[in-house]
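**Q** here is a sequence together with a model predicted from it:
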Amino acid sequence: MNNHLNFFNDLQASLEEESNRKDEIRTTVKELDRACRKANATLNQVHANPTQPAPMIDFSEIKEILSRLSSLIPKDEFYKYNDLWSRTVQQIVFVIAFSTYLDKKEVVNIIPIVEETLDIKVDMHHDLKGFHIPIEDILHAYISLINEMSRLCINSVTVGDYERPLIISKHVKDLSAGFQLLNLKNDILRKRFDSIKYDVKKIEEVVYDITLRGLHTNAKKRSVNAEAEEDAGDGKRSKKE
C-alpha cells in the first residue's frame, strides 16, 4: 500500500512541476511576443515611406527574453515545448531577415546574422539537443519576407519609386527558385510556399504596369537629370570659390 501511495505522491509532484514549468514558459513567451510585436511595428514604419532609411531595430530585449526562455527548458526536451514559442520565433527571425534586406538592399544568408543577433544556434542538420532555432523557422521567415516584399513593392509605387519594384521582382524570383529546389515534407511549409506564387504574380503585375507605362524609364531620366543638375551646381560653386 505504501509503495502505491509513494508512486502517486511522486507522480503528483512530477505533474505539479511540469504544470509550473509550462506556466513559466507561457509567461515568458508572452513577454517575447510583446517584444517581437514592438520590433515589428517599428520596422513596419518603412511602408509609410519606403524611400526613407529603414528604422533601426534593437534586438537586445528579445535576446534577453530568449536567454531566460532557454534556461527554462530541460536538456533534450526542446521539442516537447517548442510549439509554445515557435510562431513567435519565426516572426522574430522574419524581422531580422526584413531589416537585413532593407539595410543591405539584397537577400543574404540570414543564418549567421540570426545566430549573432540572438546568440542562439540554428539547427541546420537536426542534430542539436539544447535550445536552438530549427531550420524550418528560417524557411518560414524567408516566406514571410517574400510576403512583405510584395507589400513593399506596391507601397514603393504609391510614393513614386518605380525602380525598387524591379529590384524586388528579381530578389523574389531568386528566393522562389531556391525554394523550388527543396523537397518540402513539412505540410505547413509546403502550403506557405505554394501561397507565395500569388505574391510573385502580384509583383509581376506591378512591374508589367510600370514597364508598359514607361514609368521606370521616366524615373531613370529624372534621376539622371537631377544628378547632372547637382553636379553642375557643385561645379559653379567651385568656380566661385
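**A** That came in fine, so what should we check first? No experiment lies behind these values; they were computed from the predicted model shown.
**Q** for the chain, what's the longest helix?
**A** helix 2-43 (DSSP state H).
**Q** so which elements touch that helix?
**A** helix 60-72, helix 86-104 (3 or more C-beta pairs under 8 Å, 6 or more residues apart in numbering; DSSP states H and E). Using the backbone N, CA and C atoms, a C-beta is placed for each residue, glycine as well.
**Q** redo those as CSV? Include mean pLDDT, distance to Ile210 and mean neighbour count.
**A** Formatted as CSV, the helices and strands packed on helix 2-43 follow (pLDDT from 0 to 100; distance: least, C-beta to C-beta, whole Å; neighbours: other C-beta atoms under 10 Å):
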stretch, mean pLDDT, distance to Ile210, mean neighbour count
helix 60-72, 97, 37, 16
helix 86-104, 96, 20, 21
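**Q** would you list these in TSV and tack on distance to Leu175?
**A** Compiled in TSV, the helices and strands packed on helix 2-43 are given as follows (distance: least, C-beta to C-beta, whole Å):
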stretch	distance to Leu175
helix 60-72	24
helix 86-104	10
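**Q** ok, which of those helices comes nearest Ile168?
**A** Nearest of those to Ile168, taken as C-beta to C-beta: helix 86-104 at 9.5 Å.
**Q** what average pLDDT does whichever helix or strand comes after that closest one get?
**A** With elements assigned by DSSP states H and E, the helix or strand that comes after helix 86-104 is helix 111-118. Across helix 111-118, pLDDT averages out at 97.
**Q** cool, stretch 190-203 as well?
**A** pLDDT averaged over stretch 190-203 gives 91.
**Q** any idea which residue sits dead centre in the protein?
**A** In the chain, the centroid-proximal residue (C-alpha atoms, centre = their mean) is Phe94; its distance is 1.1 Å.
**Q** so what's it up against?
**A** Applying C-beta atoms under 8 Å, 6 or more residues apart in numbering, we find Phe94 in contact with His140, Ala141, Ser144, Leu145, Glu148.
**Q** okay, and which of the residues you listed map to helices?
**A** His140, Ala141, Ser144, Leu145, Glu148.
**Q** residues contacting the first one?
**A** Meaning His140. Neighbour list for His140: Gln90, Val93, Phe94, Leu189, Arg192 [criterion: C-beta under 8 Å, 6+ apart].
**Q** for the residues you listed, give me JSON lines that also has distance to Lys63.
**A** JSON lines is the format used below for those (distance: C-beta to C-beta, whole Å):
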{"residue": "Gln90", "distance to Lys63": "16"}
{"residue": "Val93", "distance to Lys63": "13"}
{"residue": "Phe94", "distance to Lys63": "16"}
{"residue": "Leu189", "distance to Lys63": "26"}
{"residue": "Arg192", "distance to Lys63": "26"}
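**Q** go through the ones in helices among the contacts of Phe94 and name the one nearest Thr51.
**A** After measuring the ones in helices among the contacts of Phe94 against Thr51 - C-beta to C-beta - the closest member comes out as Glu148, at 16.7 Å.
**Q** ok, how many other residues are close to the closest one?
**A** 22 (other C-beta atoms under 10 Å).
**Q** what's the closest non-adjacent residue to it?
**A** Nearest non-adjacent residue to Glu148, counting by C-beta to C-beta, 6 or more residues apart in numbering: Phe98, 5.5 Å away.
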